[in-house]
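1. Sequence and predicted model, in that order:
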Amino acid sequence: MREIMLIVHFIGLVMGLGTAFSHAFLSIAASKMEKEEVTRFRLHVMVLSKMGHIGIALLVISGTFLIIPYWPTLPQNPLLILKLVLVAVLAILLLLIHRGTQKAFQGNADEHLKRIEPYGKLTMLIGLTILVLAVYIFH
């Protein structure tokens, strides 16, 4: 069962971080577009966020199973605690991005998309930090 959960965990990782990288590269493409096209383009590529949400859900579900053997030693493992805290921060940031995206679809898209842009960059950095911590902790 552990191997299945590891596979699910890695699929979730690919989907979650893949979304962050996709948005980063697509923002480079958007920077070369006409101003009128950029907002429409950015709203259309927000569909990728659904892939990220599915990935994060897979990570949390499989991660909950995978961390069970580590619960007894959790107080002695500050890096694991940091990783769990960063996962919680990541979830909060993703909720803020989701809320901002919904508002962008309702109107005044430019303002809302600009407001959530720094959150996207921060989620990518946090996601990579979580990955590095996981490799360091569980090697």
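-> Here it is on my side, so go on.

2. Could I get the full set of helices for this structure?
-> 2-30, 35-45, 48-66, 78-106, 109-138 (DSSP state H).

3. And the third one, what's buried?
-> Think helix 48-66. 48, 49, 52, 53, 55, 56, 58, 59, 62, 63, 66 (16 or more other CB atoms under 10 Å). C-beta coordinates here come from the backbone N, C-alpha and C atoms, glycine included.

4. And the lowest-mean-pLDDT helix or strand in the chain, what does it pack against?
-> Counting by mean pLDDT, DSSP states H and E, the weakest-scoring helix or strand in the chain turns out to be helix 35-45, with a mean of 84. For helix 35-45, the packing partners by 3 or more CB pairs under 8 Å, 6 or more residues apart in numbering; DSSP states H and E come out as helix 2-30, helix 109-138.

5. Adding distance to residue 76 as columns, could you present those helices in JSON lines?
-> Conversion of those to JSON lines gives the following (distance: least, CB to CB, whole Å):
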{"stretch": "helix 2-30", "distance to residue 76": "22"}
{"stretch": "helix 109-138", "distance to residue 76": "12"}
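
6. now the ones you listed as TSV including mean pLDDT, distance to residue 39 and mean neighbour count?
-> Formatted as TSV, these follow (pLDDT from 0 to 100; distance: least, CB to CB, whole Å; neighbours: other CB atoms under 10 Å):
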stretch	mean pLDDT	distance to residue 39	mean neighbour count
helix 2-30	91	9	15
helix 109-138	91	5	16
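
7. ok, back up a step: contacting residues around the least confident helix or strand of the chain?
-> Identification of contacts with helix 35-45 by CB atoms under 8 Å, 6 or more residues apart in numbering yields 22, 23, 26, 27, 29, 30, 33, 104, 105, 109, 110, 113.
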